[in-house]
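*Asks:* Any chance you could fold what I've pasted below:
(2 chains)
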Amino acid sequence: MPVYLDNASSTPVDARVAARMAEVLSSETEYGNPASASHDYGDIAAALVESARAQVAAAVGAAATEIVWTSGATEANNLAIFGVAEYYRERGRHIITARTEHKAVLDPCRELARRGWEISYLVPDREGLLDPDQVAAALRPDTVLVTLMHVNNEIGVVQNIAAVGAICARHGGAWLHVDAAQSVGKCPVHFASLGADLMSLSSHKVYGPKGVGALAISQRGGVGGRGRVQLTALQFGGGQEGALRAGTLPTHQVVGMGLAFELAAKTSSVETARVAHLQQRLWRGLAALGGVLRNGSAARSVPHLLNVSFEGVEGESLLAAIRPYVAVSTGSACASALAEPSYVLRALGRSERLSESSLRFGLGRTTTEADIDTAVATLSREVTRLRKVAGVTPAA
Amino acid sequence: MKYSELTRRYFETAANAGELAGPGVFRGAAGDHAQGTWVQFDLRIDAGAVSAAKFLAFACPHTIAVAAWLTEQAVGRPLKPKLPESVQALRERFAVPVEKMGRLLIIEDAWLAAVLPAIDSRA
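*Replies:* Numbers count the residues shown, from 1 in each chain, chains lettered A, B, ... in the order given. Here you go, the predicted structure:
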């Protein structure tokens, strides 16, 4: 198998997490429905769920009562965006987001636009960063939601969410939702300090299982006595999770996410320093090729992500050439035979060609120096070969 | 995207990538780097037949594979005002998705841009 450098897409499940999940799945006492309060089986499962809730909350600086389980960050984003939009629809129908958001935010916003809401899309600078003053300038009396990601999933830049939170608090009517799917374990995440009212979390980006995530919903009151953020539920059928997310909870999944978040919080600082060393090794190796451009701010990004564009090579060929050796994501959305260039890189001002010939390297807990050296050697060989086939000599 | 074994082999080998120079060499190119596909053929013509062929391609794996295969097939064949194999046959041979038909037409344009002046020069 090729070297895995796509940890920003998904991470392998930590062996300790998998073992604990297997215990829950095979237990003779832990299989009850957590919502069944009429017997011990239900109580045991409920206790596991609440323990995991506390683990997740502790890892992100939230209160356990602020955590609502979902099927993942996409559902959490949908619950936050549609939930706020529906609840406050009589107060205003204006939402602010950014062009560089994940599709799990952009697509719900587009759907709301189709239903009559007005969406303002902020454009980041060439390094992918938003100035909080852009949010201040875009706020209107009828703005009900600002939804921005903490760590960008393609380029790894970290937005100044705390400053945006302060701006939203001063506004008084706009709630702040933060997609933090890429943040946990990569940089400090403290829900209360960020000033966000809602925060989406993902398990499988943090060495937990797929199929589970959470939405943190602030219980803090807003500035000026505006109270807590309220949501309209999107699904119904049992009143679980405070009637915000109906459905039987998958005990083994939430137990896995809880442990994964606890482990991430414990190892984050040491692991981040180790990954930063690997990222520098990777960048130095790739940059030596010449004609390699780094995408996103190097100064304000997590070390786990490195996004680069290669001049003089066609994107699909680049990905095909390295595929047997290195597993990475392309800057193109290859959902069809004809790839579309990354809208994130296009928003940063990269040309269509450079956007297509970009790769996202996602480093993680299992990444070694040998993996990095394999990636550098592979890219050096294949980029040189493809440039020769194209008759291209990049500028030094 | 998945590629056929033939496509992958010719893409990875890319034999005949390069340029020819000197008397009897005819060059044709089509496409545009900025548009994502550019192909160039160099054909050396001796006594009405192709004696050597090279290509350059800034393009997807299918396009590179087809261009490489064409340069291999052309050598020794008499000069004709068409591809050694039709666009449709190439599409089937290399399992090129229908969405990429335009790229095969760029290959054809580049090929004819090299071949037609060579034929004219013999007239």
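
*Asks:* tell me the phi and psi of A:Gly296?
*Replies:* phi 100, psi 160 (degrees, to the nearest 10).

*Asks:* show me the residues around the spatially closest residue to it that is not a sequence neighbour that make contact.
*Replies:* Leaving out its chain neighbours, the residue that sits closest to A:Gly296 by C-beta to C-beta, 6 or more residues apart in numbering or on different chains is A:Ile155, at 3.1 Å. For every residue, glycine as well, the C-beta is placed using N, CA and C. Listed by C-beta atoms under 8 Å, 6 or more residues apart in numbering or on different chains, the contact set of A:Ile155 reads A:100, A:128, A:295-296, A:301, A:305, A:307, A:344-345, A:348, A:360.

*Asks:* Please identify which of these is nearest to chain B.
*Replies:* Using C-beta to the nearest C-beta, A:Leu345 comes nearest to chain B of the contacts of A:Ile155, at 14.9 Å.

*Asks:* hmm, back to that, and the gap between the residue nearest to A:Gly296 and chain B?
*Replies:* 22 Å (C-beta to the nearest C-beta, to the nearest Å).

*Asks:* do the same with A:Pro324
*Replies:* Remark: distance between A:Pro324 and chain B (C-beta to the nearest C-beta) = 9 Å.

*Asks:* Least confident secondary structure element in chain B?
*Replies:* Ranking every helix and strand in chain B by mean pLDDT, DSSP states H and E puts helix B:101-122 at the bottom, with a mean of 94.

*Asks:* who does it touch, helix- and strand-wise?
*Replies:* Where contact means 3 or more C-beta pairs under 8 Å, 6 or more residues apart in numbering or on different chains; DSSP states H and E, helix B:101-122 is packed against strand B:25-32, strand B:37-46, helix B:61-74, helix B:87-93.

*Asks:* any idea whether A:Tyr121 is helix, strand or coil?
*Replies:* Per DSSP: H, G, I helix; E, B strand; the rest coil, the secondary structure class of A:Tyr121 is strand.

*Asks:* My guess is it contacts A:Thr97. True?
*Replies:* Yes: proximity of A:Tyr121 to A:Thr97 meets the contact threshold set by C-beta atoms under 8 Å, at 6.1 Å.

*Asks:* Contacts only, for B:Ala30.
*Replies:* Taking C-beta under 8 Å, 6+ apart, one finds B:38-39, B:106-107, B:109-110, B:113 in contact with B:Ala30.

*Asks:* Farthest-apart pair in the residues you listed, please.
*Replies:* B:Trp38 and B:Ala113 (12.2 Å; C-beta to C-beta).

*Asks:* any common contacting residues for those two?
*Replies:* Residues touching both B:Trp38 and B:Ala113 by C-beta under 8 Å, 6+ apart: B:29-30.

*Asks:* Which one of those two is surrounded by more residues?
*Replies:* Counted by other C-beta atoms under 10 Å in any protein chain shown, B:Trp38 and B:Ala113 do not tie: B:Trp38 has more neighbours, with 22 against 17.

*Asks:* For that one, give the beta-bridge partners.
*Replies:* Going by DSSP bridges, B:Trp38 is paired in beta bridges with B:Gly31, B:Phe58.

*Asks:* That one: what's it in contact with?
*Replies:* Counting by C-beta under 8 Å, 6+ apart, B:Trp38 makes contact with A:390, B:29-32, B:56-59, B:106.

*Asks:* let's see 10 Å
*Replies:* By C-beta atoms under 10 Å, 6 or more residues apart in numbering or on different chains, B:Trp38 lies in contact with A:314, A:390-392, B:29-32, B:56-59, B:63, B:106, B:110.

*Asks:* Now list the buried members of these.
*Replies:* With burial judged by 16 or more other C-beta atoms under 10 Å in any protein chain shown, the buried subset of the contacts of B:Trp38 is A:314, A:390-392, B:29-31, B:56-59, B:63, B:106, B:110.

*Asks:* Return the closest of those residues with respect to A:Gly221.
*Replies:* Taking C-beta to C-beta as the measure, A:Gly221 lies nearest A:Glu314 of the buried ones among the contacts of B:Trp38, at 54.3 Å.

*Asks:* ok, the closest one touching B:Gly31?
*Replies:* No: judged on C-beta atoms under 10 Å, A:Glu314 makes no contact with B:Gly31 at a distance of 11.0 Å.

*Asks:* Closest one of the contacts of B:Ala30 to chain A?
*Replies:* Distance to chain A across the contacts of B:Ala30 (C-beta to the nearest C-beta) is lowest for B:Trp38, with 7.6 Å.
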